[in-house]
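K.L.:
I'll drop the sequence and a predicted model, then ask my questions.
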Amino acid sequence: MAYSKAWLNYRVVDHIRFPFDTLYADTGNEQIRIAAQELQKAAKELAKAKLNCISDLAEIKRALGKSDDVGAAPKGACRGAVYMEINPDRLSLADEEGYLIRRQACGLVICGGGEGGLLYGTFALIRIMQTDPQLLSKICSGKQTVEKSPANPLRMLNHWDNTDGSIERGYAGKSFFFADHELVIDERTRDYARLLASVGINATVINNVNVRGAATELITARYLPQLAKLAKLFYTYRIKLYLSLNFAAPIELGGLATCDPLEQDVQDFWKKKMDEVYAAVPELGGFLVKADSEGRPGPFTYGRDHAQGANMLAEAIAPHGGNIIWRCFVYNCRQDWRDRKTDRARAGYDNFMPLDGQFADNVILQIKNGPMDFQVREPVSPLFSGLKETNMMLEVQAAQEYTGQQKHLCYLVPMWKEVLGFRTYAEKGATDGADTVADIVSGRLYGQRNCGMAAVANTGDDENWTGHDMAAANFYGFGRLAFDTELTAEEIAKEWVRATYGCDREVLECMLPMLLSSWEIYEKYTSPLGIGWMVNPSHHYGPNVDGYEYDRWGTYHYSDCHGMGVDRTMAGTGYVAQYNEPNRGMYENIESCPEELLLFFHHVPYTHMLKTGKTLIQHIYDSHFEGAMQAQNMLLNFDSLKHRLPPEVFERIHTRLKMQADHAKEWRDRINTYYYRMSGIADEKGRTIY
Ligand code: GCU
């Protein structure tokens, strides 16, 4: 299927100054060769500059060695050389993945701390060419240098692709990794790797955590040769291939009667299996495991805990240098809605906190950003505040399962920024503000190396990769943010628009506010104040206030004729106790609880007065009317781009914005009607609510 190159779809940038005609690069090294090719391609397509490559090592060394003086650009508009170099000593921080771009007398030098750093430095220069001609000029003339190291060691995508080609929670077509139970490796696979490397993603899991049927067989001889090919290809772009693993494989593949992690037979099975897999796929990064979660098998079946389960796999994989990434999405999914003491939000912490310090060094706990499940607004998972001696990864969801399924525009980087910036108060001694989620998952706070960020991917084989063209901003944004958590949501959005659509001011002026307001708009017309879950069961699209209310999943809003919300204070489920002070007190007290999370933490009467001076019920009505109107306005504003975008791109986005505006009205009317009928309180503004 034809497909776009997304943000790597280079188009000529006017007024670009890229005064180079020679590239010195040791293309005998495969990674340097790839970096060189990328730069040559981008220079040609963006700046119409032809870079002739000189790959003779001696000549490169001679030229580079001659002039090490920084910033001394030769006078006049000289045409010069670009050098690619791997030299950790030039970087202020020794980091294999770090890079430095600076002008020296000999020309422009892209220096990587290692091969990864060189690749990222090259893509950084390309990005600057695409998005910031002024900065490019400053770099080329020696007025500015750029030096970066990734904030997070692991920057990973989790694909939920099944081997039959379907994608769980996939909103952009079918899988491009699998078709008819075979692995697919083609040009698109390479372009996928290029996209990842260009934003700094260095690991990817290609199959669904909910391992079904044939996916269990990925670790069998049938798939290993193809996996080896894929892992090699990825690794040339410094991406480690990971796989989701089925904890029950000893039974399903090994013919054992058990998968008890303390059984010798089970341990032997895994050791042999890991030896076999790594003999065939030495570049494999490791495995992602969903155990004892939503029906998946796990150690609980055998009365073992999660440290015992994870460590057993970790020990088997350790000789090969692999990691076990173990998800903390473990909760009782067979709840009785009448039981108001059991609180699903508590489950992650209750299950994993007692195990802190017991996990092997090559185990990483992967923790969803919130304690529930990727709702439009949740508090940050308290596990980040609690665990201190355990490797942690933050898991976010780029796939818009509960945030409009890539039919609605919902730019999620602002949400991820909030999560990363959340102060955990985990370390009393931490200098002010140095114990945020970003400090923890980057390894800065506890000095860990096995940690980082993962996103459930939002890609598929649709022509534009992400269904909604503008959902690609979440794909792009995740990578950029995971690499550099200091970037703002706005900077990332700007970069994405410019890299994707060129430096057209009108496109930027229209798209930027759309992206930046979209999360809030979506929240307003779906479920404001942190309540969540009012969706149709199973597929999770569209409004259904009681869709999950009397179900077994532990996802309730407890609306009655007096009020709504879940009491998670000490008098309620006690969930607030999982936070450190002062967060605990802040959430416990209805006055200090941030209003956007009010109904997550408190059961509140409809007549409760909010800080705005509105009652809760009036806020619900107003929020839904406002959100639906703003969705309509986005559609109207977008019309101005009719002649500024390729027609098919305009049409695709327009169709979705129209759908969003219509569906927002449906959300508005269903939710408002429900609460009008439930509360019996009319809208002060007299708008039509049935
Ligand atoms: C959600 C989602 C499932 C998914 C699960 C998970 O519950 O609806 O499809 O499997 O999250 O994260 O494992």
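P.N.:
Good, I have the coordinates. Numbers count the residues shown, from 1 in each chain.
K.L.:
Can you name the next helix or strand after the worst-scoring helix or strand of the chain on mean pLDDT?
P.N.:
Lowest mean confidence among the helices and strands of the chain (mean pLDDT, DSSP states H and E): helix 57-66, at a mean of 74. With elements assigned by DSSP states H and E, the helix or strand that comes after helix 57-66 is strand 80-86.
K.L.:
Who are the contact partners of residue 531?
P.N.:
Going by Cβ atoms under 8 Å, 6 or more residues apart in numbering, residue 531 touches 557, 564-565, 599-600. Just so you know, the C-beta spots here come from the backbone N, C-alpha and C atoms, and that holds for glycine as well.
K.L.:
contacts for the least confident helix or strand of the chain?
P.N.:
Contacts for helix 57-66 (Cβ under 8 Å, 6+ apart): 24-26, 28, 54, 81, 83, 85, 106, 109.
K.L.:
so where's this structure uncertain?
P.N.:
Applying pLDDT under 70 to the chain flags the ranges 65-79, 212-215, 431.
K.L.:
Assign the residue most central in space within it to one of the three secondary structure states.
P.N.:
Against the mean C-alpha coordinate of the chain, by Cα atoms, centre = their mean, the closest residue is residue 455 at 2.9 Å. Here residue 455 is strand, with the state taken from DSSP: H, G, I helix; E, B strand; the rest coil.
K.L.:
which residues sit in contact with it?
P.N.:
By Cβ under 8 Å, 6+ apart, the neighbours of residue 455 are 156-158, 395-398, 478, 482.
K.L.:
Show the backbone phi and psi for the residue of the stretch 401-550 of the chain found nearest the ligand.
P.N.:
The ligand sits closest to residue 401 of the stretch 401-550 of the chain, with a gap of 5.9 Å, by Cβ to the nearest ligand atom. Main-chain torsions, residue 401, degrees, to the nearest 10: phi -50, psi -50.
K.L.:
any idea how far it lies from residue 160?
P.N.:
10 Å (Cβ to Cβ, to the nearest Å).
K.L.:
Quick check: neighbours shared by the two?
P.N.:
169, 456.
K.L.:
can you pull the contacts of residue 400?
P.N.:
Applying Cβ under 8 Å, 6+ apart, we find residue 400 in contact with 171, 406, 408, 410, 412, 458, 471, 474.
K.L.:
Just the ones of the residues you listed in helices?
P.N.:
Among these, the ones falling in helices (DSSP state H) are residue 474.
K.L.:
Which one of the contacts of residue 400 is nearest to residue 542?
P.N.:
Distance ranking of the contacts of residue 400 against residue 542, using Cβ to Cβ, places residue 408 first at 10.6 Å.
K.L.:
tell me the SS of the nearest residue in space to the closest one that is not next to it in sequence?
P.N.:
Excluding its sequence neighbours, the residue lying closest to residue 408 (Cβ to Cβ, 6 or more residues apart in numbering) is residue 660, at 4.4 Å. Three-state call for residue 660 (three-state DSSP): helix.
K.L.:
Check the contact between residue 660 and residue 635; I expect there is one.
P.N.:
Yes - checked against Cβ atoms under 8 Å, the pair residue 660 and residue 635 is within contact range at 7.4 Å.
K.L.:
So for these two, which sits in the more crowded spot?
P.N.:
residue 660 (25 against 20; other Cβ atoms under 10 Å).
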